[in-house]
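>>> here is the input, now give the coordinates:
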Amino acid sequence: MKKLGTKYIHAGANPDPSTGAIMTPIFQTSTYVQESPGVNKGFEYARSQNPTRQALEEALAVIENGKFGLAFSSGVAATDAVIKLLVPGDEVIAAADMYGGTYRLFTKVFEKFGIVFRYVDTTDVAAVKAAVTPKTKLIWLETPTNPLMNITDIAAIAAISKEAGTILCVDNTFASPYLQNPLDLGADIVMHSATKYLGGHSDVIQGALVINDQALRDQLYFIQKSCGAVPGPMDCFLVLRGIKTLHLRMQQHCINGEKIAHWLRAHPGVSKVYWPGFEDQPGYAIAKKQMRGFGGMISFELKKEGVEEVNRVLSSTKLFSLAESLGGVESLINHPATMTHASIPREERIKNGLSDSLIRLSVGVEDAEDLIEDLKQAIG
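The predicted model follows:
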């Protein structure tokens with residue numbers, strides 16, 4: 001077993017046989033010439049296959065310790081493909097605290113086709129088990145969750161899933177493969193918004209699925225090919241490039257995240273900090289068991305409540321840019337209630353602990369001291 005850095009740099013990377021180019025070429029083509037009908041070099045039409053995409057899919061499998069990778073046009077497109085495994089009447093158990101775009105896809109698109117979604121606190125293993133019915137076909141997890149950083153015991157939920165004969169899919173975007181590998185813990189599918197840490201430079205939109213089971217991979221590939229939510233070769237090249245430095249970036253994300261989380265917790269103007277690396281956090285023991293580090297995603301609430309105060313802080317940072325997304329080298333600040341989670345009704349957000357005053361940080365790889373100074377002047 002190669003160590004992580006070596007694995008990431010060489011995953012899916014083979015010198016181009018025609019030129020010796022060390023970087024995978026960008027095969028910017030829509031179709032491929034065939035020698036005769038049905039006789040080709042393994043590529044027929046670029047919606048179905050592309051050599052750059054194939055290299056990325058091999059890399060995705062390697063870094064998640066899986067057998068098969070599939071690259072999609074976005075994380076939501078990858079999620080969409082998983083739900084399309086289901087039929088009307090099937091039930092899904094999903095995390096009550098999760099990305100607003102996933103919630104929107106479930107409630108606004110798939111519910112009208114007869115898929116039933118049951119939202120559960122997945123940190124409560126007993127609650128997940130109690131929610132399983134004979135119609136449950138899929139369990140959907142995020143861990144850490146977006147944006148409250150709740151931690152779910154993947155292995156414990158995997159045991160429930162296997163006993164019930166369901167599929168377990170884990171959104172691993174917040175952790176990245178550097179910190180966590182859900183397939184090793186019993187998950188059937190790992191989903192990534194590759195836009196985030198895998199790409200790492202805020203310059204690409206892409207999604208990914210990684211699977212071990214050949215039949216499940218073939219089903220998902222058929223959906224991908226039939227529905228067409230595939231990434232272009234340039235996007236695949238950018239994610240391949242990003243993966244090569246994933247270990248270096250994640251190391252600094254973790255170092256900076258730890259410093260800023262502790263600084264925020266000690267700040268008199270901050271009432272609560274959400275970060276899985278605090279020993280008194282409810283999910284700390286599980287996070288320590290299933291993750292290699294605690295990451296650079298942090299949420300916090302101000303002691304001084306009110307929209308005006310939140311807006312003042314959000315508009316006052318100089319290095320933290322106010323923007324959607326996460327996982328890039330630059331630090332971002334976000335207001336979930338009006339940005340990433342605005343599609344979730346307010347009463348649902350409040351019920352799940354997501355207050356209007358919550359602020360989310362994606363801590364980048366800048367110098368931590370500069371980032372702390374920026375937050376210091378913004379919070380006051």
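
>>> which positions in the lengthiest helix in the chain come out as buried?
In the chain, with assignment by DSSP state H, the single longest helix is helix 246-266. For helix 246-266, a neighbour-count test (16 or more other Cβ atoms under 10 Å) marks 246-247, 249-250, 252-254, 256-258, 260-261, 263-264 as buried. Yep, even glycine has a C-beta here, placed from its N, CA and C like the rest.

>>> can you put these in JSON lines and add pLDDT?
What follows is these, written out as JSON lines (pLDDT from 0 to 100):
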{"residue": "Leu246", "pLDDT": "98"}
{"residue": "His247", "pLDDT": "97"}
{"residue": "Arg249", "pLDDT": "98"}
{"residue": "Met250", "pLDDT": "98"}
{"residue": "Gln252", "pLDDT": "98"}
{"residue": "His253", "pLDDT": "98"}
{"residue": "Cys254", "pLDDT": "98"}
{"residue": "Asn256", "pLDDT": "98"}
{"residue": "Gly257", "pLDDT": "98"}
{"residue": "Glu258", "pLDDT": "98"}
{"residue": "Ile260", "pLDDT": "98"}
{"residue": "Ala261", "pLDDT": "98"}
{"residue": "Trp263", "pLDDT": "98"}
{"residue": "Leu264", "pLDDT": "98"}
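
>>> who touches the worst-scoring helix or strand of the chain on mean pLDDT?
When each helix and strand of the chain is scored by mean pLDDT, DSSP states H and E, helix 346-351 comes last, with a mean of 76. Contact partners of helix 346-351, identified using Cβ atoms under 8 Å, 6 or more residues apart in numbering, comprise 336-337, 341, 355-356.

>>> show me which of the residues you listed is closest to Tyr103.
For the contacts of helix 346-351, the closest approach to Tyr103 (Cβ to Cβ) belongs to His341, at 7.8 Å.

>>> re the thing from before, of the contacts of helix 346-351, grab the buried ones for PyMOL.
To isolate the buried members of these in PyMOL, using 16+ other Cβ under 10 Å:
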select buried, resi 336+337+341+355+356
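
>>> which one of the contacts of helix 346-351 is nearest Asp367?
Nearest to Asp367, judged by Cβ to Cβ, of the contacts of helix 346-351 is Pro336 at 26.3 Å.

>>> element containing that closest one?
In this assignment (DSSP states H and E), Pro336 forms part of neither any helix nor any strand.

>>> what sits against the residue nearest to it when sequence neighbours are not counted?
Nearest residue to Pro336, sequence neighbours excluded (Cβ to Cβ, 6 or more residues apart in numbering): Pro147, at 4.7 Å. Pro147 makes contacts with 274, 297, 299, 334, 336, 340-341, 354, 358, 360, as judged by Cβ under 8 Å, 6+ apart.

>>> try it again with 10 Å
The contact partners of Pro147, taken as Cβ atoms under 10 Å, 6 or more residues apart in numbering, are 97-100, 174, 274, 297-299, 326, 334-337, 339-341, 353-354, 358-361.

>>> now the buried residues of helix 246-266 in TSV, with distance to Gln377?
Formatted as TSV, these follow (distance: Cβ to Cβ, whole Å):
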residue	distance to Gln377
Leu246	31
His247	32
Arg249	26
Met250	28
Gln252	22
His253	22
Cys254	25
Asn256	18
Gly257	20
Glu258	21
Ile260	14
Ala261	19
Trp263	13
Leu264	14
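
>>> quick revisit: chain center to the helix or strand following the longest helix of the chain: distance?
For helix 246-266, the following helix or strand on the C-terminal side (DSSP H and E) is strand 270-274. Taking Cα atoms, centre = their mean, to the nearest Å, one finds the center of strand 270-274 at 23 Å from the center of the full chain.

>>> packing partners for strand 270-274?
Applying 3 or more Cβ pairs under 10 Å, 6 or more residues apart in numbering; DSSP states H and E, one finds that strand 270-274 contacts helix 246-266, strand 297-302, strand 358-362.

>>> direction included, what does that strand pair against?
Here strand 270-274 is paired, per DSSP bridges, with strand 297-302 (antiparallel).

>>> tabulate the CA atom coordinates of the partner strand in PDB.
Written as PDB, here are the backbone C-alpha positions of strand 297-302 (Å, rounded to 0.1, in the frame of the first residue of the first chain):
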ATOM      1  CA  MET A 297     -14.400  23.600   7.700                       C
ATOM      2  CA  ILE A 298     -15.700  25.500  10.700                       C
ATOM      3  CA  SER A 299     -19.000  27.100  11.600                       C
ATOM      4  CA  PHE A 300     -19.600  29.600  14.500                       C
ATOM      5  CA  GLU A 301     -22.300  31.800  16.000                       C
ATOM      6  CA  LEU A 302     -21.800  35.300  17.400                       C
END
